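Colleague: quick check, what structure comes out for this input:
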Amino acid sequence: MATLGRVCASSRVRWAGGRALESVASAFGRAVAAHREAVSHVEAARARLRDRSAGDGVSAQSREEAQRFAARMQRLAEGLTPGWLGCRLDGPAADLPTGVDAALGRPMPIRLGDTTPVAGSGFSVVAPFVGAGHLAIDSDARDPAVARWLRGVLLRVLAALPEGVLQVAAVDGATLGTVFGPFREMVEAEAWPRPTIDLPGFQQVLAEAEERIERAQGGESDPSVLLVCVAAMPEGAGRREWSRLSAIAHAGPAAGVFLLLAGYPPPQHPGGLNAAPRLEGTTALTASNGGVFTVSDPPGQHRFSSDDSGLAVPVRLDAGPPDTLVEAVCRRLAKSARVQTATDFTMLMPNEIWQQSSIDGLRTVVGREGRTECVLALDDATPHWLVGGRTGSGKTVFLLDVLYGLASRYSPDELSLYLLDFKEGVSFAEFTPTVVDPSWIPHAHTVGIESDREYGLAVLRTLSREMTRRATELKRAGVTKLADLRTGRPDVAMPRLLAVIDEFHVLFEGNDVVAQQAVALLEELARKGRSYGVHLILASQTISGVEALFTKTDSIFGQFPLRVALAGGGGVLDQLNDGADNLPIGGAVINSAAGIPGANRVIRFPNADAGSVATQRHLLWSARRPGGAPPMVFAGYAEQHPDQDPTFVALTPDVRRRRALVGRTVAVGLPTAGFTLDATPGSHLAVLGTSPVGADVLYAATASLARQYAPGTARFLIAPLVAAADEASDATVEAIAAAGHPYETISAAQLRARLAELAQPTASDGGPTTHLVIFGADVASSLLAASDPTTYRSGHDELRDVLANGPTHGVHLLGWWRSVSRFSSDLGPTGGNEVACLVALNLPSNEVGSLVGDYASEWQSRPNRALLIDRHDNRHALIVPYVRPGTLDQIDEYA
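Modeller: Next comes the predicted model:
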């Protein structure tokens, strides 16, 4: 026993201020050496004691040596396990400081229980755990003693490690999570996920551990520890799960992943085909008779025995902490966790704006993965993103976080934004000037709010044209990538282009011409965009069921390696990946491997509160280049008034060719839509449809023409034939008078005589250009049908002569017909071709087909839209027709 005492004394580890003066590994090695030598002395002592009768038969010297041995082993254990690692888990422990007894990167010895090698003398049993290996006990938490012990081990690790370092993935397949109930504060603070209770949940925990190991093997560093804590294996777990646990046990410690398993190995025949594999690097506790456990050799070179027999004496498990102690510690740490894991909009923003270069790509912080910032990139590796989430999942908020983060890191010279929203909302209104707030994001090139599909198609065409232009520039420079061009030519201004399309599936609904063209353009942008600095973020509730994409799913979405799945957005992930099934609002699965299982990362992203967003927008707006133009905005619901169109307002007589302006084209920049009226045959305008908007379009066309003539050089004949056009015709007369032109208001009865005059070839030769403007031309159809008893000519004959010959002699007709059949009847079987300029309002598709000679026309009438048909240029375009303020408010139904 004297020798034992000297060995134990030489093995003592001195601690000062809670920090070891020698390494834990060295100290544990000395302890194990002391244990091995002590075993022989203990066995010899036991043999002597067995040879004597109990009680007064034991010599005082033997008893004293045994007590000294146990005391010295206890001091050694206490030196290895300061504070929470080895203290008694009772009420006074609540006053101990947390986060100071262990450190990352160093083995953590931890108290498992105690043992009594000789009667009346005992010491604590210590084994290396986090930082060195794993722990497994073959009884599960259905045994209350094991449940208490498991809670005690978990509490020791939680309280010993620095705050925020420990992540716990808890599994309880027997008691529905009850074992982890006292730790609920950590779950409610979202520092830990909720315990899983079934086999799919257990499999997901294993997948998360495997993902972390894969990232570590790929060179990613993670300053935290992941502890997979299993209170009881879920029903159905078998060889596949045991094999995955075995792989994690092997590779986990190098990646900061450790196992604390109860119920492993499961009760199976040893050595049988279904036996669970032995876990590498694991200290195993095996139940024995009398409620004690044997302890295997710990991992590493410092083993309890030389023959793999483990600790020579049985161990009684720690009794575990009272629930009140666990709850008190968790309340303290959860309060700090709420602060450290909290995300807010300002956290995503850089300290200084516009300090980064986009030569090699775009990067921004999108949220937190635990306490770590999650940074995502748009670069060669992840050129495009696919974002999924049900309504209310925070999809719009996530996009705003991303866009403001990028716009704050990269100047408008480094990044240009094309933003489209196809839902009934204002996702991107934050980027545009409004009446209330004139600021805008200077990076925004075009913004579509409640966009038409045709507008989305126009944006894709714009990006395609820019990509083609960039390809030409790269060829001239002899390079193949934007990064190479910008590195060699820093003088070239070529920002990265990012197109964000919310509810993008609307663009591809059906299988019409718009959808087919959009698919072709999207496929081109997805395949080639990365080389030319063109990136896409597509967001939707789902990507399934879009007919136009059935044959293109792989070729398009295969170019979108980064998937972001919000609550209810698992459709953007692989069919076998259910990682997004139970996400809370504000949570997202990030998967950079095209959604395959095993590559998920779960993050939290903040709400983009209005105050913070407005502050950041004003900061960016204030830093814009002087004279910078606001973005081109297309608000699908917005009316277009002539006096708000800069092109209309700027009209003067100083023009080469005069145009009748009728609205704004649904295209990037909302270009003004109109027709050239010159001496070309057919230079007349017909507005068709029952909607009162027709009168407003005729007003705008006439007023715009009046502005393009010097005062007194044009003549206008105004025929207001329907009451619905009275206000518009009055406004037309005012506009003509303001431009200084003569005009005459005529009735339906007078119209016949005026047509007869205008039909004469010499009627307008050498005089001012004449414009006959008819509001409700269909009203005069019956009057025009009658023939003159002297000349046998009808008013229709006069009308058709005016249409055929008028432009050559400076006569143009502008009319609104509410009925296509009346229009066709007035102009005759072939006369319709004499009107080259048509604006179709609320007409059925078959009637539009008859006008354009294509009965397969896919035109669909809708509120505040019209179809422009220019037969001179063989051009069809969707437009937003001009209206006067208040007109649409008076229309109950316009479809």
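Colleague: which of the helices or strands spans D826?
Modeller: helix 820-827 (DSSP states H and E).
Colleague: can you list contacts of the helix or strand following that helix?
Modeller: As assigned by DSSP H and E, the chain's next helix or strand after helix 820-827 is strand 837-840. When contacts are defined by C-beta atoms under 8 Å, 6 or more residues apart in numbering, strand 837-840 is touched by residues 660, 662-663, 675, 677, 682-689, 694, 697, 847-848, 851, 859, 861, 866-872, 879, 881. All C-beta spots, glycine's among them, are computed from the backbone N, C-alpha and C.
Colleague: with adjacent residues omitted, what lies nearest to the residue sitting nearest the centre point of the chain?
Modeller: The centre of the chain sits closest to V387, judged by C-alpha atoms, centre = their mean, with a distance of 4.3 Å. Leaving out its chain neighbours, the residue that sits closest to V387 by C-beta to C-beta, 6 or more residues apart in numbering is A539, at 4.0 Å.
Colleague: for that neighbour, give its distance to M349.
Modeller: Distance of A539 to M349, given as C-beta to C-beta, to the nearest Å: 21 Å.
Colleague: more neighbours: these two, which one.
Modeller: A539 (27 against 21; other C-beta atoms under 10 Å).
Colleague: so the more buried one sits against V506, correct?
Modeller: No: the pair formed by A539 and V506 falls short of the contact definition of C-beta atoms under 8 Å, at 11.3 Å.
Colleague: what about the longest strand in this protein?
Modeller: strand 109-118 (DSSP state E).
Colleague: pLDDT weak spots in the stretch 151-300 of the chain?
Modeller: Applying pLDDT under 70 to the stretch 151-300 of the chain flags residues 268-274.
Colleague: repeat for the stretch 451-600 of the chain
Modeller: 545, 547-548, 550.
Colleague: 80 instead, please
Modeller: Scanning the stretch 451-600 of the chain for pLDDT under 80 picks out 491-492, 510-511, 542-553, 598.
Colleague: please enumerate the helices of it.
Modeller: For the stretch 451-600 of the chain, applying DSSP state H, counting those that start in this stretch gives helices covering 453-477, 482-488, 513-532, 553-557.
Colleague: in the stretch 751-895 of the chain, which spans are helices?
Modeller: Going by DSSP H, counting those that start in this stretch, the stretch 751-895 of the chain shows helices at 781-785, 795-805, 820-827, 845-852.
Colleague: quick one on the thing from earlier: and the angle from the helix holding D826 to helix 795-805?
Modeller: 80 degrees (axes from the mean of the first three to the mean of the last three C-alpha atoms, to 10 degrees).
Colleague: list the contacts of helix 820-827.
Modeller: Helix 820-827 is contacted from outside by 686, 688, 777-778, 781, 784, 796, 799-800, 803, 817, 832, 834-835, 843, 847, 850-851, using C-beta under 8 Å, 6+ apart.
Colleague: cool, stretch 402-414 as well?
Modeller: Contacts of stretch 402-414 (C-beta under 8 Å, 6+ apart): 345, 348-350, 353-358, 362-366, 376, 415, 417, 419, 431, 441-443, 493, 495-496, 498, 500, 537, 608, 613, 616-617, 619-620, 624-625, 628.
Colleague: what about dumping the CA coordinates of that stretch to PDB?
Modeller: The C-alpha coordinates for stretch 402-414 follow below in PDB (Å, rounded to 0.1, in the frame of the first residue of the first chain):
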ATOM      1  CA  VAL A 402     -30.700  39.000 -49.100                       C
ATOM      2  CA  LEU A 403     -31.200  41.900 -51.400                       C
ATOM      3  CA  TYR A 404     -30.500  44.600 -48.800                       C
ATOM      4  CA  GLY A 405     -27.500  42.700 -47.700                       C
ATOM      5  CA  LEU A 406     -26.100  42.500 -51.200                       C
ATOM      6  CA  ALA A 407     -27.000  46.100 -52.000                       C
ATOM      7  CA  SER A 408     -25.200  47.300 -48.800                       C
ATOM      8  CA  ARG A 409     -22.000  45.300 -49.600                       C
ATOM      9  CA  TYR A 410     -21.700  46.100 -53.300                       C
ATOM     10  CA  SER A 411     -22.000  49.500 -55.000                       C
ATOM     11  CA  PRO A 412     -24.200  50.000 -58.100                       C
ATOM     12  CA  ASP A 413     -21.000  49.600 -60.200                       C
ATOM     13  CA  GLU A 414     -20.700  46.100 -58.800                       C
END
